[in-house]
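> 3D model of this:
(2 chains)
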Amino acid sequence: MEYFVQQLVNGLTLGSIYGLVAIGYTMVYGIIGMVNFAHGDIFMLGGFAALIVYLILLGLFGGIPIALALFIMILIAMLMTGLWNWVIEKLAYRPLRGSFRLAPLITAIGMSIALSNFVQVTQGPRNKPVPPLVSSVYDIFGIAISLKQIIIVLVTAVLLTIFWYIVNHTPLGRAQRATEQDRKMAALLGIDVDKTISITFVMGAALAAVAGTMYLMYYGVIVFTDGFTPGVKAFTAAVLGGIGSLPGAVLGGLMIGLIESLWSAYFTIDYKDVATFSILAIVLIFKPSGILGRPEVEKV
Amino acid sequence: MANISQTNEAVGTNLMARALREAFYAGLIALGLFVLFVGLKTDQNILNELILVQRWGLLAIFVAIAVVGRFLTVAYIRPWFEERKAAKAAAPVVEREASFVARNFSLLAVLALIIYPPVMVGLFGFQGSLKWVDNFGIQILIYVMLAWGLNIVVGLAGLLDLGYVAFYAVGAYSYALLSSYFGLSFWLLLPMAGVLAALWGTILGFPVLRLKGDYLAIVTLAFGEIIRLVLINWTEVTKGTFGISGIAKASVFGIWSFDISAANNFAKAFGLPMSSAYYKIFLFYLALALCMLAAFVTIRLRRMPIGRAWEALREDEIACRSLGINTVTTKLTAFATGAMFGGIAGSFFAVRQGFVSPESFVFLESAIILAIVVLGGMGSLVGIAVAATVMIGGTELLREMNFLKQIFGPDFTPELYRMLIFGLAMIVVMVWKPRGFVGSREPTAFLRERKSVSGSFTKEGHG
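Numbering: from 1, shown residues only, chains lettered A, B, ... in the order given. All right, here's what the predicted structure looks like:
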């Protein structure tokens, strides 16, 4: 039983990271209907930004309290990736808006290849290990919960609350939801659609940057290829939850995290990704638009 | 008169001021983008700790490029394009007769490919031609074959498949495993690999029949990853990441062999000096023949009921169903036919490399093949072949850029920049030509007179 709860905790942690990345996919998909394949690499970029900021902080003020360091890392990583995604959207996706659906998908794949190779070229191809930032582990009723896990789950929960508030209770969120429903009508009603889309990209990237920082802290290592697998997993999570649905993305992320850690715990770790993808396929066979997704109504 | 020149001048200074302002912003943004990633580099010191290396000079170059680039774009390039556009719009439309080359492009291209190996041998000798025939010729032809196979699924039937590489892997491993465990010959396994891949295509097709758009895309992607992960982890059969090496070579229909020790060795039989070039040239023609087969099948299928059904499915699924077309079989045959060519290309890949490992079948390959199909203009065989040549040949050429070492110093490795440039090229080409290189389509059904139509009239399907 304790073992099971332990795995549940691990899965929840992993799922939080996936969920944060999945929101970026699902938001962009909801608002302009494109799969932003480069989002996983934005996540990786966020991790790298956090790493570099950490090294700068370490060089400037040796004994900086770790909580403050983490806060600055997350903040700068968010700004950094937000700026990147803003530029990427402007250069690579905006010219293709209104073009056929596959065109932005291809530029996004190209952007993904370019971003990961850009980091390889500028930062080198080797693994970047960081010393453990937080290492305390608490023993609660026989379950080992590390401070890292608590931070990850807490930060995710706080961010999701803020995010939920922005989308549901601010003028910006209203503009986003309106743009999502009907871009042309939203524009006619005086919403700056381009700006709203840009902000959506920046928000998605900022959440991915937080996830990247958490990933760096949790695993203690990052490499330029790290965007792909978590990116695909997060995309899987977004689709599993029903792409376009924000609660769906979080739910999907948590599910993928749980499936992964439980499968690794009780079966063979080698096939954990096979399990994840198989469950995705099975769920979609029975619910073709994801768990919380609205089925698309086709009008003739 | 004076008034006009004055406004012109005002526009000019305005433009300059705007260009300067935009250049300043571009520089600021570039500084923000690159300050962490280019200005600083994480490196390991002797103690294996991460340290930061400062590279402010490089950062300055990046920012300078952004500033100058933006300035030139706003001040000169954009007005020039606008002027040209206006001039073009003003000029009367002249119906130009297509030139001889344009009219017979496919025929000329095939002829050029047929004489390509002898020309290369003539230019570089047998040993020197290896690189050109193998790295450029055969590799590009494999991608052409793959892209033509995927074109059936994506371009004709309008089903987005992000896991096409799975069928490539199935074909390659079918040949590798069946030939090393059972010693079956290439000529038997080539069609068999196609059949096996088609079978897998059908197996994948069944569960995804109900899915559309991005749901379909992610499941096909997942399927591709599952195949790769099984290949990695099923070590008893596939030898995992080590891959299978020493795969038997193909023979000329069993008459002549290319094994050096064999009695019926090709070079011995004809009394030629020993060289590995014969095998490569033979493979080149084989690849060319397989490509021609794929093209032939695609062209013929498009005129048959099944091909028409595919294209109808792409245009409008509901109309298709209302007309009594069985969408289930239509989708399944599209998956199976596309997969078959993937499988054939895979077994050819295995025989050419003599080695297969899961490394060759990553998602990036699927993405590259899909990019070729889209960049070429979905549904257009010629466009896809051109796109494959440009993208694959271009990245291969980057391997040859050793002269750059003389400019940037011996530490400069052009190899590293290959995929970076590939990714950027994908973006640039797509933004520049969203409909692909070949923007026109040849309908197979027409009223009275055959006319090419613009690619923008064809839909991309919702599957």
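
> contacts and neighbour counts: CA atoms only from here.
OK.

> list the contacts of A:Leu251.
A:19, A:237, A:241 (Cα atoms under 8 Å, 6 or more residues apart in numbering or on different chains).

> same question for B:Ile247.
B:176, B:179-180, B:350-351, B:354-355.

> redo that, cut-off 10 Å
In this structure, B:Ile247 makes contact with B:175-180, B:183, B:350-356, judged by Cα atoms under 10 Å, 6 or more residues apart in numbering or on different chains.

> assign it to helix, strand or coil.
coil (DSSP: H, G, I helix; E, B strand; the rest coil).

> ok, it to chain A distance?
27 Å (Cα to the nearest Cα, to the nearest Å).

> please apply the same query to B:Leu108.
30 Å.

> that residue sits in which helix or strand?
helix B:105-131 (DSSP states H and E).

> which secondary structure elements does that helix contact?
helix B:100-103, helix B:277-303, helix B:381-388 (3 or more Cα pairs under 10 Å, 6 or more residues apart in numbering or on different chains; DSSP states H and E).

> which element follows the last one toward the C-terminus?
Which is helix B:381-388. Criterion used, DSSP H and E; the element after helix B:381-388 is helix B:394-399.

> what distance separates that following helix from the middle of the whole chain?
13 Å (Cα atoms, centre = their mean, to the nearest Å).

> could you do stretch B:112-129 as well?
Distance, centroid of stretch B:112-129 to centroid of chain: 24 Å (Cα atoms, centre = their mean).

> so residue 179 is in which element?
Because you didn't say which chain, this covers chain A. helix A:171-181.

> could you do chain B instead?
Going by DSSP H and E, B:Ser179 is part of helix B:165-182.

> is that helix in proximity to chain A?
No: on the criterion Cα under 10 Å from any Cα of the partner chain, helix B:165-182 is out of touch with chain A, staying 13.8 Å away.

> relative to helix B:165-182, how tilted is the helix or strand that that helix is followed by?
Sequence order places helix B:186-208 as the next helix or strand after helix B:165-182, per DSSP H and E. Orientation check (axes from the mean of the first three to the mean of the last three Cα atoms, to 10 degrees): helix B:186-208 against helix B:165-182 gives 140 degrees.

> tell me which other helices or strands helix B:186-208 touches.
helix A:272-286, helix B:165-182, helix B:213-233, helix B:327-353.

> thinking again about what came up before, chain center to the helix holding A:Thr179, what's the gap?
For helix A:171-181 - counting by Cα atoms, centre = their mean - the centre lies 21 Å from the chain centre.

> please apply the same query to stretch B:355-372.
The answer for stretch B:355-372 is 10 Å, by Cα atoms, centre = their mean.

> check which residues of that stretch are buried.
Residues of stretch B:355-372 classed as buried: B:355-358, B:361-372 (neighbour count, 16 or more other Cα atoms under 10 Å in any protein chain shown).

> and if you look at stretch B:181-196?
B:185-186, B:189-196.

> for PyMOL, write a command that selects the buried ones of the contacts of B:Ile247.
Per 16+ other Cα under 10 Å, the buried members of those correspond to this PyMOL selection:
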select buried, chain B and resi 175+176+177+178+179+180+350+351+352+354+355+356
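
> between the contacts of B:Ile247, which is nearest chain A?
B:Val356 (20.4 Å; Cα to the nearest Cα).

> roughly how far is the helix holding B:Leu108 from the heart of the chain?
With Cα atoms, centre = their mean, you get 21 Å for helix B:105-131.

> now the angle between helix B:105-131 and the next helix or strand after it, please.
Downstream of helix B:105-131, the next assigned helix or strand under DSSP H and E is helix B:139-151. Interaxial angle, helix B:139-151 versus helix B:105-131 (the same axes, to 10 degrees): 140 degrees.

> what's helix B:139-151 packed up against?
Secondary elements touching helix B:139-151 (3+ Cα pairs under 10 Å, 6+ apart): helix B:165-182, helix B:277-303, helix B:327-353, helix B:363-376, helix B:381-388.

> need those in TSV with mean pLDDT, can you?
What follows is the helices and strands packed on helix B:139-151, written out as TSV (pLDDT from 0 to 100):
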stretch	mean pLDDT
helix B:165-182	89
helix B:277-303	87
helix B:327-353	90
helix B:363-376	88
helix B:381-388	87
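
> format the ones you listed as CSV; extra columns: distance to A:Ser245.
Converted to CSV, the helices and strands packed on helix B:139-151 look like this (distance: least, Cα to Cα, whole Å):
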stretch, distance to A:Ser245
helix B:165-182, 30
helix B:277-303, 39
helix B:327-353, 28
helix B:363-376, 26
helix B:381-388, 36
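
> list the contacts of the spatially closest residue to A:Met44 that is not a sequence neighbour.
Leaving aside its sequence neighbours, A:Met44 sits nearest to A:Gly227 (Cα to Cα, 6 or more residues apart in numbering or on different chains; 4.8 Å). Contacts for A:Gly227 (Cα under 10 Å, 6+ apart) come out as A:38-47, A:112, A:115-116, A:212.

> among those, which are in helices?
Mapping the contacts of A:Gly227 onto helices (DSSP state H) picks out A:39-47, A:112, A:115-116, A:212.

> now those in TSV, with pLDDT, distance to B:Leu33 and neighbour count?
Output for those, formatted as TSV (pLDDT from 0 to 100; distance: Cα to Cα, whole Å; neighbours: other Cα atoms under 10 Å in any protein chain shown):
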residue	pLDDT	distance to B:Leu33	neighbour count
A:His39	92	16	31
A:Gly40	91	18	31
A:Asp41	93	15	30
A:Ile42	93	12	31
A:Phe43	93	15	33
A:Met44	93	15	32
A:Leu45	92	11	30
A:Gly46	92	12	35
A:Gly47	91	15	33
A:Ser112	91	16	25
A:Leu115	91	12	25
A:Ser116	90	15	26
A:Gly212	92	17	35
